[in-house]
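**Student:** Coordinates only, no sequence provided:
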DNA sequence: AACGACCTGACAATTCGCTGACATGGATCA
DNA sequence: TGATCCATGTCAGCGAATTGTCAGGTCGTT
């Protein structure tokens, strides 16, 4: 999953970014309000982590402008200011959650999982489709209860497809969420990856929609 | 909106209930775990406010059982225990938000608004005309429930016609929406495409309006 | 009847996605 | 250091699906 991290302090940003990367996310960072606003408005992220103490543009104003433009990705606000009035403001501005500094990285990850899960309309950190189950907390995939070892890229691919099961996901969207970004697309790396995942998880999990993308069907019970 | 408030302390329960009532909610209260679990499992609430310090049954266990039974209403957890580990547990159990006591009533209301807002906003994206149903999320077309495989161009054609069913769509408009733009057509590619779609979905779906374009009637059959 | 709009079947060129084989490069360990 | 494994990218080729073209046919309108 692709995340936007908005944090002006380089040290903190890199700490958070590496923790997120270790948890399997693709992270992009913005260090000022302008960049944050532009990226959040034009790119698609699975979630945004937004520090309110920004130079250039107020974080809440950015959030409100995103929401005003119909951007609905989940947003987790970070701030040193922890008064309840601030929290109310943040939540009413359209934030999905609010985390006061200092915080434990574990809590950040838990809240992130929560808002992502919620925005996908699920209530468990385990998603399943057919015989396949994905446990996002443990980053573990199993087929009929048998755990299957996946490489990092394979895991991201499966995770994104399962989070969006029941919907056709374009190759471009997969590119963005599995690989970082900016890859020249004269390569068939994605197709190879799909093939490898199919070999491991069975050929029926991922359907091809020629010309459009891939689909993991919703399990019809 | 109808809410379930789970809180064993009568004093606190009535304080919260009256604040919620003042904000325009209809509130029902459960004072022990058994009642809470039963009500949450059988009734439909817009949201649940769940105090963890319950007699009878642990709040998190109740929440997990709800989620396990497919109850997806938004849940806001209240608790005096405010350690980060507890919060992580609550969120991972499927809570939508977590509010440590003591709290301001304004913050409770703000968080409630937030989780309710979040849980709304799920639309179906299925269009149908007569026997034909189009699921735009899955890019799937079915006739009388039987899924039919369509090529990309065929799908775009059907999608555009169904989105604008009940009105005549000109060949030019179809050209623009099915193919990119700028095609000189001395070709009858579009007519061929129409033919192929009719062969797959039945000859009655698309009517020809000679000299004007094509029409998918609002509800044939 | 004549004309033009539209339909149909057949065919060929092209595109698309899949696969197996190989190359690269980083991590690990003796 | 060198051997080895694993993850991943690249490439070439295959096979099938897709789609434009064309050559008639059909139908409706005047």
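**Tutor:** Alright, I've got the coordinates. What you are looking at is a predicted structure, and each value in this text was computed from that prediction instead of being measured. Numbering: from 1, shown residues only, chains lettered A, B, ... in the order given.
**Student:** contacts, neighbours, all on C-alpha from now
**Tutor:** OK.
**Student:** show me where chain A has helices.
**Tutor:** Listed in chain order, the helices found in chain A under DSSP state H are A:10-22, A:33-42, A:59-68, A:84-92, A:105-119, A:152-163, A:171-178, A:189-201.
**Student:** Where among the ones you listed is average confidence lowest?
**Tutor:** Averaged per stretch, pLDDT over these is lowest on helix A:84-92, reaching a mean of 68.
**Student:** Can you pull the domain assignment for chain A?
**Tutor:** As given by automatic domain parsing, the domain ranges for chain A are A:2-119, A:126-215.
**Student:** before we move on, the earlier item: let me have the helices of chain A in a markdown table, extended by mean neighbour count and distance to DNA strand D.
**Tutor:** Formatted as a markdown table, the helices of chain A follow (neighbours: other C-alpha atoms under 10 Å in any protein chain shown; distance: least, C-alpha to the nearest atom of the strand, whole Å):
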| stretch | mean neighbour count | distance to DNA strand D |
| --- | --- | --- |
| helix A:10-22 | 15 | 12 |
| helix A:33-42 | 18 | 23 |
| helix A:59-68 | 19 | 31 |
| helix A:84-92 | 18 | 37 |
| helix A:105-119 | 21 | 21 |
| helix A:152-163 | 20 | 4 |
| helix A:171-178 | 18 | 9 |
| helix A:189-201 | 15 | 4 |
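**Student:** With distance to residue B:187 added, can I get the ones you listed in CSV?
**Tutor:** Compiled in CSV, these are given as follows (distance: least, C-alpha to C-alpha, whole Å):
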stretch, distance to residue B:187
helix A:10-22, 52
helix A:33-42, 38
helix A:59-68, 44
helix A:84-92, 56
helix A:105-119, 46
helix A:152-163, 39
helix A:171-178, 31
helix A:189-201, 34
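**Student:** Could you point out which of the ones you listed sits nearest residue B:72?
**Tutor:** With C-alpha to C-alpha as the measure, helix A:105-119 is the member of those nearest residue B:72 (9.7 Å).
**Student:** picking that back up, residue B:145: which of the helices of chain A is closest?
**Tutor:** Among the helices of chain A, helix A:152-163 comes nearest to residue B:145, with 24.1 Å by C-alpha to C-alpha.
**Student:** circling back to that earlier point, looking at the domains of chain A, which is closest to DNA strand C?
**Tutor:** Closest approach to DNA strand C among these is made by domain A:126-215 (3.8 Å; C-alpha to the nearest atom of the strand).
**Student:** Count the residues that sit near the residue in chain A positioned nearest to chain B.
**Tutor:** Of all residues in chain A, residue A:167 sits closest to chain B, at 4.6 Å by C-alpha to the nearest C-alpha. Residue A:167 is surrounded by 21 other residues when neighbours are defined as other C-alpha atoms under 10 Å in any protein chain shown.
**Student:** Would you check that it makes contact with residue A:216?
**Tutor:** Yes: look at residue A:167 against residue A:216 with C-alpha atoms under 8 Å: they come within range, at 7.2 Å.
**Student:** still on that earlier bit, kindly reformat the domains of chain A as a markdown table and extend each row with distance to residue B:13.
**Tutor:** Converted to a markdown table, those look like this (distance: least, C-alpha to C-alpha, whole Å):
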| stretch | distance to residue B:13 |
| --- | --- |
| domain A:2-119 | 21 |
| domain A:126-215 | 33 |
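**Student:** Relative to residue B:28, which of these is closest?
**Tutor:** domain A:2-119 (24.5 Å).
**Student:** Span of the closest one from start to end?
**Tutor:** From its first residue to its last, domain A:2-119 covers 14 Å (C-alpha to C-alpha, to the nearest Å).
**Student:** Indicate whether it makes contact with DNA strand C.
**Tutor:** No: Domain A:2-119 stays clear of DNA strand C (C-alpha under 7 Å from any atom of the strand), getting no nearer than 13.0 Å.
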